[in-house]
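Trainee: Structural data only, the sequence is not supplied:
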C-alpha cells in the first residue's frame with residue numbers, strides 16, 4: 001500500500017544499514033513468497049564497508065574495544081571509532097562482535113549491500129556489582145531491574161573443563177529493557193531467532209531480557225552443571241505488561257550461530273516471568289512472529305538532502321510492538337515488518353540530541369499488505385525554528401577533498417557522511433545544550449585529524465574545513481587458544497593504552513613484529529616473517545611469554561604458521577596485516593593457535 005503523499009520512486013539509496021532489530025531482520029531469499037516463513041539463507045557474500053562508534057552505557061567512547069566480523073578484526077581508537085574497508089561479509093545478515101575487558105560482550109546483526117558503507121554503533125554493559133553464593137549450598141540472588149536467580153546446591157561446573165565446582169561463585173548480571181534506547185543499543189544480535197520446532201527463522205517480540213556470567217574468585221569462568229537448572233524471575237516492563245502472554249518461549253543468544261535460539265518457556269506470575277535455564281549467556285522472553293514482509297523507504301529533507309543516521313521506528317498499533325532502524329548515508333532504510341498490519345511510522349533526529357522532547361520529526365500511519373512494499377522517497381520537513389545546521393568540508397594531508405570520509409560529532413556520537421567532494425551539511429531539529437567536538441576521518445587510509453570544538457547556535461553553523469590527517473590507530477590484536485583444552489585468551493595491544501613497544505622492524509629481507517605491554521602480566525609477543533612485501537609469508541620464529549591464562553610458560557613455533565601483509569610501506573609508514581601461528585606449549589606439549597591482526601609503525 002502506498003503512503004497518501006507524493007512518493008518519488010526509483011530513488012532508493014545504495015546501502016541498507018540495519019542497526020537495530022526492526023530492519024536487521026533479513027530480506028526473504030525468495031521474493032515470490034510473501035507473508036510467510038522462509039528458510040534462512042545467509043550464503044551470499046558481498047564486499048562492503050562497516051564503521052561506527054562503541055560506547056559504554058553512559059555514552060562514553062570506549063577505546064581499545066576489539067571488533068570482529070567474519071574473521072576480520074580491528075580495535076576502536078580513542079574516540080571509540082572503528083572501520084572495516086571493503087571486507088567480504090554475508091549480505092543477508094552480517095554480525096559484528098565487540099569485546100572489551102570488564103564488559104559483557106556485545107554484537108549486532110545487519111543486512112548489507114555490495115560496495116557500500118554501513119554505519120553501525122552499539123553500547124557495551126559494564127560487569128559490576130556481583131552477587132555471590134557458595135556452590136555447595138546454592139543460593140537466591142537479586143539484581144537491579146527486577147531479576148532474581150535461584151541456584152540449587154551443587155549446580156556449578158568449571159566452564160572450560162566441565163569439572164564440578166563447590167566453591168564461591170560470583171554472578172555478574174544485568175537486565176535489558178527492550179523498550180528503551182539503551183536496551184536497543186545493548187541487546188546482542190537482533191530480534192531474530194531460530195525456533196525449537198522446525199528451526200524456522202522468525203522475528204521476535206521481546207518482553208524482557210537479561211545477561212548473566214559466573215566466575216570463581218580467581219576469575220575462572222563457571223557455568224551451570226549438566227542436568228541442573230536455575231530458576232529465573234524477570235520483571236516485564238510496565239509499558240508492555242498488558243500484552244504479555246501467560247506463557248512465553250525463552251531464547252538464548254548463540255554467539256556462534258549469531259542468532260537467538262529457542263529453549264524452554266516461562267510463565268507469567270503477576271508482572272514477572274518465571275522459568276528455568278540450563279546455562280547462562282543472554283536470555284530473552286519473546287513471542288515469535290509469523291508472517292512478515294520486506295519494506296524499504298528513503299528519507300530526505302525539504303531541500304532534497306538525505307536524512308542519514310536518523311532513527312526510524314515502526315510500531316504495530318495492535319500490539320504496541322516497536323521495531324527500529326537507522327538510515328544510511330543516503331537516507332535509506334529497510335527490512336522486515338509485520339504484514340497485514342496498521343503501523344505507526346516515526347522518524348527521530350540522529351544522535352538522540354532532541355530525544356528529551358520525545359517528539360518525532362515525521363509521523364504517519366501506514367497499512368501493510370501481504371506483499372513486499374517500496375514506499376519510495378519520503379520528504380521530511382525538518383523544523384527551521386530552533387534547528388541547528390552544521391556545514392563544512394573535509395580534506396586530507398594534502399588539502400585535497402576526501403571522497404571516503406566520516407565526521408564524528410561528540411558527545412552525541414553523530415556520524416556525518418560527507419559527499420564525494422568532501423562537503424557536508426547536517427541539520428538537528430533543536431539546539432544542542434552542550435558544546436560539540438568534531439573529528440574527521442579518512443576512511444580509505446585509516447587516519448583522522450585533531451579535534452575541533454565549538455558551541456553551536458540556532459541556524460547555520462559553518463564548521464569550516466576539517467583536516468583528516470596526522471593521527472593513526474596503531475594496535476595488535478591476539479587471540480590464543482589451547483586446542484586441547486579449548487581455553488582461549490584475547491589481548492589487544494593498543495598505543496598508547498598500556499604499551500611501551502609495539503612495532504615492525506624490517507631488515508635483511510625479514511620482518512620482526514613485536515608487542516610488549518607493561519601491566520600486571522607484562523605480556524610479550526614477537527614473531528618474524530621471511531619477507532617485507534605485501535602478501536602471505538611463512539613465520540620463521542616465535543617468542544611468547546607472560547600469558548596468564550595458560551599454565552604453559554614457553555611456546556615453540558609449529559609448521560604452517562603464516563603472516564599476511566596487506567600494506568608494507570617504507571619507513572615511517574604503518575604495516576598492516578593478519579597472522580595465523582601454530583605453537584606447542586611447554587611443559588604440557590599441548591598445541592596452540594595464535595591468530596590476530598595489526599597496524600604497527602615501522603621503526604626503520
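Mentor: Thanks, I have the structure now. The structure presented is a predicted model; accordingly, all values stated were derived computationally and were not measured.
Trainee: in this structure, which spans are helices?
Mentor: Per DSSP state H, the chain carries helices over the ranges 181-186.
Trainee: the bottom helix or strand of it by mean pLDDT?
Mentor: The weakest-scoring helix or strand in the chain, judged by mean pLDDT, DSSP states H and E, is strand 499-507 (a mean of 56).
Trainee: Residue 169 contacts residue 133, correct?
Mentor: Yes: contact criterion CB atoms under 8 Å: residue 169 and residue 133 qualify, at 5.7 Å. Bear in mind the C-beta positions are built from the backbone N, C-alpha and C, glycine included.
Trainee: Can you work out which residues contact both of the two?
Mentor: residue 151 (CB atoms under 8 Å, 6 or more residues apart in numbering).
Trainee: who's more crowded, those two?
Mentor: Neighbour totals were compared for residue 169 and residue 133, and residue 169 leads with 24 against 18 (other CB atoms under 10 Å).
Trainee: OK, contacts around the more buried one?
Mentor: Contact partners of residue 169, counting by CB under 8 Å, 6+ apart, are 132-135, 151, 156, 214-216, 222.
Trainee: Any chance of a markdown table for these, columns pLDDT and distance to residue 333?
Mentor: Output for these, formatted as a markdown table (pLDDT from 0 to 100; distance: CB to CB, whole Å):
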| residue | pLDDT | distance to residue 333 |
| --- | --- | --- |
| 132 | 97 | 45 |
| 133 | 97 | 46 |
| 134 | 97 | 50 |
| 135 | 97 | 48 |
| 151 | 98 | 43 |
| 156 | 97 | 44 |
| 214 | 97 | 39 |
| 215 | 95 | 40 |
| 216 | 94 | 45 |
| 222 | 97 | 41 |
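Trainee: List buried residues within these.
Mentor: Applying 16 or more other CB atoms under 10 Å to those, the neighbour count classes 133, 135, 151, 156, 214-216, 222 as buried.
Trainee: okay if I get those residues as TSV plus distance to residue 346?
Mentor: Below are the buried ones among the contacts of residue 169 laid out as TSV (distance: CB to CB, whole Å):
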residue	distance to residue 346
133	45
135	48
151	43
156	46
214	40
215	42
216	47
222	44
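Trainee: Counting neighbours, what do you get for residue 604?
Mentor: Neighbours of residue 604 using other CB under 10 Å come to 9.
Trainee: Setting aside sequence neighbours, what's the nearest residue to it?
Mentor: Leaving out its chain neighbours, the residue that sits closest to residue 604 by CB to CB, 6 or more residues apart in numbering is residue 571, at 5.7 Å.
Trainee: which residues of the stretch 351-500 of the chain score low on pLDDT?
Mentor: For the stretch 351-500 of the chain, the stretches with pLDDT under 70 are 351-352, 355-358, 472-473, 492-500.
Trainee: Specify the residue ranges that define each domain of this structure.
Mentor: Following automatic domain parsing, one finds the domains of the chain at 37-119, 131-288, 388-471, 474-601.
Trainee: With distance to residue 303 as extra columns, can I get those in TSV?
Mentor: Listed next are the domains of the chain as TSV, based on distance: least, CB to CB, whole Å:
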stretch	distance to residue 303
domain 37-119	21
domain 131-288	28
domain 388-471	9
domain 474-601	39
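Trainee: quick one, strands of the stretch 201-350 of the chain?
Mentor: When secondary structure is read from DSSP state E, counting those that start in this stretch, the stretch 201-350 of the chain shows strands at 201-215, 221-224, 230-235, 247-254, 259-269, 272-277, 282-288, 292-301, 311-316, 322-326, 332-338, 342-348.
Trainee: Give me the sheet partners of the second one and which way each runs.
Mentor: So the one you mean is strand 221-224. Using DSSP bridges, the strands paired with strand 221-224 in its sheet are strand 156-158 (antiparallel), strand 201-215 (antiparallel).
Trainee: Can you give me the neighbour number for residue 435?
Mentor: Using other CB under 10 Å: residue 435 sits among 11 other residues.
Trainee: Please tell me how far the nearest residue to it once chain neighbours are set aside sits from residue 409.
Mentor: Nearest non-adjacent residue to residue 435, counting by CB to CB, 6+ apart: residue 455, 4.6 Å away. Distance, residue 455 to residue 409, using CB to CB, to the nearest Å: 13 Å.
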